[in-house]
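Peer 1: What shape does this take:
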Amino acid sequence: MDHLSEMQAFTSIVENGGFTEAARKLKISKSAISKHISALESRLGVTLLNRTTRRVSPTEIGQSYYDKVSKILEDVRFADEQVQSMQAAPKGTLKISASTDFGGNQISRAMGAFLAQYPEIRVNMELTNRFVDLTQDNIDLAIRIGKLVDSSLKARKLATARFYIVASPEYIKKFGEPRTIDDLTEHRLMHYSQGSVNQVWNLTATSGEERQIRTPGNFTVNDGLSLMTAAKEGIGLTILPNFLVSPALKDGSLVQVLKQLPVLEAGIYAVYQPATYTQPKLRACIDFLATYFKDSDATDWA
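Peer 2: Here you go, the predicted model:
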């Protein structure tokens with residue numbers, strides 16, 4: 001006998017109060033359901049059901065067995081539904097959270113091809129530089145840059161961002177070009193803040209030594225595009241990611257300084273809740289972005 005069928009027969013009898021109604025719900029004969037119960041009790045060596053002329057109820061052992069088995073069957077049903085949903089066509093609203101810099105500059109660009117490929121998906125993208133809680137903020141997918149904190153969330157790496165120290169040609173002409181990390185203390189440094197004013201540059205020397213440059217700075221903002229604009233205006237030196245600064249480096253409006261230093265790198269990740277990955281719309285988006293940033297010219301950032 002099939003153990004799963006025996007469990008289904010038993011739980012149906014308990015839930016429906018008798019063999020006749022249980023058989024009707026399972027769409028099998030009363031004799032078939034009786035055989036399932038006989039086989040189950042014989043296999044376990046216990047009596048699971050009290051049988052009277054009026055009603056069938058679980059014994060004490062039967063009730064304990066029901067409590068455990070019903071959870072198992074629920075897990076089986078959930079697994080079946082998950083697998084079936086994975087075969088469905090991607091559709092529905094997909095809520096994405098990304099930083100103003102990467103979301104506005106790169107994810108928005110990728111969405112044209114994505115939505116053309118999946119016309120039944122609607123994207124609602126929230127651009128914010130705050131750390132969002134996927135559960136509380138009802139976010140399906142978050143794009144995060146940098147070291148990921150340990151959590152119950154899952155992540156898939158999409159690309160690698162590289163960060164460069166840059167300045168405008170006008171700034172260098174006026175204040176000179178730094179040649180060493182120590183020279184930075186004599187320059188005007190601009191800072192990117194996220195929630196609080198961060199006035200520290202963490203750099204790696206050519207020797208491999210980790211260095212921290214602390215200066216008050218003359219301009220602090222929580223937006224990379226604003227930092228880049230300020231750098232072009234000659235306000236000071238700053239650190240910007242390649243996906244944002246590449247065009248400015250190519251057209252000469254900004255130049256990279258201290259090129260001899262090891263390049264700062266940070267992973268770019270698609271972050272999601274494990275339970276939601278079976279949603280076709282989410283899997284489609286993550287798979288698309290992974291391919292997009294791997295194979296297209298989008299990663300030719302500098």
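Peer 1: Tell me how far the residue nearest in space to the middle of the chain lies from Asn138.
Peer 2: Most central in the chain under C-alpha atoms, centre = their mean is Val271, positioned 1.3 Å from the mean C-alpha point. To Asn138, Val271 is 15 Å away according to C-beta to C-beta, to the nearest Å. C-beta here means a position set from N, CA and C on the backbone, and glycine is covered the same way.
Peer 1: is it true that Ile96 touches Asn124?
Peer 2: Yes: look at Ile96 against Asn124 with C-beta atoms under 8 Å: they come within range, at 7.2 Å.
Peer 1: Low-confidence stretches in the stretch 1-150 of the chain?
Peer 2: Low-confidence segments of the stretch 1-150 of the chain, defined by pLDDT under 70: 1, 85-87, 150.
Peer 1: residue ranges of the helices in it, please?
Peer 2: 3-16, 19-26, 30-44, 60-86, 100-102, 108-117 (DSSP state H, counting those that start in this stretch).
Peer 1: So which of those is nearest Val149?
Peer 2: helix 100-102 (18.1 Å; C-beta to C-beta).
Peer 1: Any buried residues in that closest one, and which?
Peer 2: Buried residues in helix 100-102, counted by 16 or more other C-beta atoms under 10 Å: 101-102.
Peer 1: Can you spell out which helices and strands pack onto that helix?
Peer 2: In terms of contacts (3 or more C-beta pairs under 8 Å, 6 or more residues apart in numbering; DSSP states H and E), helix 100-102 is packed against helix 224-232, helix 242-251.
Peer 1: neighbour count winner among Ile96 and Asn124?
Peer 2: Using other C-beta atoms under 10 Å as the criterion, Ile96 and Asn124 rank with Ile96 on top: 21 against 12.
Peer 1: what sits against that one?
Peer 2: Neighbouring residues of Ile96 by C-beta atoms under 8 Å, 6 or more residues apart in numbering: 103, 107, 123-126, 139-143, 285.
Peer 1: Would you mind giving me the PyMOL syntax to select the buried ones in those residues?
Peer 2: Typed into PyMOL, the line below selects the buried ones among those, using 16+ other C-beta under 10 Å:
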select buried, resi 103+107+123+125+139+140+141+142+143+285
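Peer 1: what would the contacts of Ile96 look like in a markdown table with distance to Asn218?
Peer 2: Shown next, in a markdown table, are these (distance: C-beta to C-beta, whole Å):
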| residue | distance to Asn218 |
| --- | --- |
| Gly103 | 28 |
| Ile107 | 31 |
| Val123 | 38 |
| Asn124 | 38 |
| Met125 | 33 |
| Glu126 | 31 |
| Ile139 | 35 |
| Asp140 | 40 |
| Leu141 | 37 |
| Ala142 | 32 |
| Ile143 | 30 |
| Cys285 | 40 |
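Peer 1: circling back to that earlier point, correct me, but the residue nearest to the centre of the chain touches Leu158?
Peer 2: No: Val271 is not in contact with Leu158 according to C-beta under 8 Å; the separation is 10.3 Å.
Peer 1: okay, and the common contacts of the two?
Peer 2: Shared contacts of Val271 and Leu158, counting by C-beta under 8 Å, 6+ apart, come down to Ile143.
Peer 1: Appreciated, that's everything.
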